[in-house]
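K.L.:
Pasting the sequence and the predicted coordinates here, then a few questions.
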Amino acid sequence: MFAALDRPQLAARALRAASRRSRIFAQTVCSTAASPAVEKLPSTSIRVLRTVDAVRRWRRPHTLSQHSVGLVPTMGALHEGHLALVRAAARENHHVVVSVYVNPAQFGVREDLASYPATWDADAAALARLDRELAGDGANLGRVSAVFAPPTSEMYPSGFPGQDVDSKGSFVSITPVAEVLEGASRPTFFRGVATVCMKLFNIVQPERVYFGQKDVQQTVVVRRMVRDFALPTEVVVCPTEREPADGLALSSRNVYLGTRRRRVGIVLHRALVAASNSYGGGNLDRKSVLGTAHEVVAAVVQAQARLPPTQRVLFEVDYISLSDPDTLQEVDAIDPERGAVLSGAIKMLPLEEAVPGEDVGHAGGPAVRLIDNLILKPIKV
């Protein structure tokens, strides 16, 4: 047994214990004071999360409280299409997370990664305005709670594996649906999309994720991935947001167009609308439906060819497609009970000759790839 301690010894022990607690408290205070403050978007309560661990710490209490989280994945350069997705997510979830990450795996080795618009300050201001709007709308279940803006080292902890077709690394490939249409011209694109989406879904663990219909093949790929890998999230696809004046689909890459190419860039939407009208008029065969689209494109090509280099715009058609809504394989005729997907891609070429002072677009007006689609809905019999 321990010997009994006299009063002086007890007092000395108490003093040492108190001193030890004081040192621990002081170290804790100093550590807390030295740790960085919680980052938020200016003048908002929206958290800015930079690491996987930060997201998981933020997410844990919402899981325990059974509060739903909706994720809106973006690469920044936010436009009204992105904001419409955030609004949809706020209507259906207690918390909305917007990811802002320019994923290098979605770009080919000769694509526009270096010049892709970086607009963090403008994006932060847009989300702040939107969050104030959401706060005043009683129809919403939630608001924007966090922005996940990680560095590439966080998203690819083993190192970014590269953009080549034969790059080695941890990838997610969804085939054959990712090998047609956009995938035929950009063989690494959907590998990059599926990989980063799998990462984001695992990190944020959202009940729902929100995508725009403009990237129709992306929505098909992501839905297939969610189904095949049994991911516990719902993929919500929202209508394409368009310019009200002429129907051009909103895209972050539209900033590259400049004034002259912007006017001609609506050719793809016009061609798809013509094909859709042909279907609405009762045509089901491929030749009749797509023939009207090709007529629109040919007329614009001929009109531009008659103009001098200081006025004309040149573009190349990659594809105009009529495909199955689930597999995106080309169809010879539309099944009226299933409908189909009309889609297309064109490359707007750099201006041959710019006029002094002309708005040629962001980064000097490089070649711009435009995509668009329309869903041909089943015909009710």
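P.N.:
Sure thing, it's come through.

K.L.:
how far away is Ser278 from Ser167?
P.N.:
Per CB to CB, to the nearest Å, Ser278 is found 42 Å from Ser167. For the C-beta atoms, the positions are set from N, CA and C on the backbone; glycine is no exception.

K.L.:
higher neighbour count, those two?
P.N.:
Ser278 (20 against 14; other CB atoms under 10 Å).

K.L.:
pretty sure Gly183 is touching Val220, no?
P.N.:
No - counting by CB atoms under 8 Å, Gly183 does not reach Val220; the two are 10.8 Å apart.

K.L.:
what touches both of these two?
P.N.:
Both Gly183 and Val220 are contacted by Val177, under the criterion CB atoms under 8 Å, 6 or more residues apart in numbering.

K.L.:
hey, where'd the strands end up in the stretch 251-381 of the chain?
P.N.:
For the stretch 251-381 of the chain, the strands defined by DSSP state E, counting those that start in this stretch cover 315-323, 340-348, 368-376.

K.L.:
Quick one: closest of these to Leu85.
P.N.:
strand 368-376 (16.7 Å; CB to CB).

K.L.:
what's that closest one in contact with?
P.N.:
182, 213-216, 240, 249, 251, 253-254, 256-257, 261, 265, 268-269, 272-273, 275-276, 279, 318, 325, 334, 339-348, 361.

K.L.:
Ok, stretch 304-318 next?
P.N.:
By CB under 8 Å, 6+ apart, the residues outside stretch 304-318 that reach it are 185, 260-261, 263-264, 267, 297, 301, 344-349, 351-355, 369.

K.L.:
Which of those fall in helices?
P.N.:
Members of these lying in helices (criterion: DSSP state H): Ser185, Arg260, Arg261, Arg263, Val264, Val267, Val297, Val301.

K.L.:
For the residue lying closest to the last one once chain neighbours are set aside, list each beta-bridge partner.
P.N.:
Spatially, and ignoring its direct neighbours in sequence, Val301 is nearest to Phe315 (7.9 Å; CB to CB, 6 or more residues apart in numbering). Per DSSP bridges, the residues bridged to Phe315 are Met348.

K.L.:
Please report the distance of Phe315 from Pro42.
P.N.:
With CB to CB as the criterion, Phe315 and Pro42 are 40 Å apart.

K.L.:
How about Leu64?
P.N.:
According to CB to CB, Leu64 stands 30 Å off from Pro42.

K.L.:
pLDDT wise, what is the closest residue to Trp120 other than its chain neighbours at?
P.N.:
In space, and not counting its chain neighbours, Trp120 is closest to Gly76: 6.8 Å by CB to CB, 6+ apart. Looking at Gly76, its pLDDT stands at 96.

K.L.:
Now for Pro206: which residues touch it?
P.N.:
Neighbouring residues of Pro206 by CB under 8 Å, 6+ apart: Val69, Gly70, Leu71, Asn93, Val97, Thr233.

K.L.:
Quick one: residues contacting the first one.
P.N.:
Contacts for Val69 were tallied using CB under 8 Å, 6+ apart; they are Arg59, His62, Asn93, His94, His95, Val96, Val97, Ser145, Val204, Gln205, Pro206, Glu207.

K.L.:
Quick check: beta-bridge partners of it?
P.N.:
Note on Val69: beta-bridge partners by DSSP bridges are His95.

K.L.:
Among Phe315 and Pro42, which residue is more densely surrounded?
P.N.:
When Phe315 is set against Pro42 and neighbours are counted by other CB under 10 Å, the residue ahead is Phe315, at 21 against 9.

K.L.:
Show the pLDDT at that one.
P.N.:
Reported pLDDT at Phe315 in the predicted model: 98.
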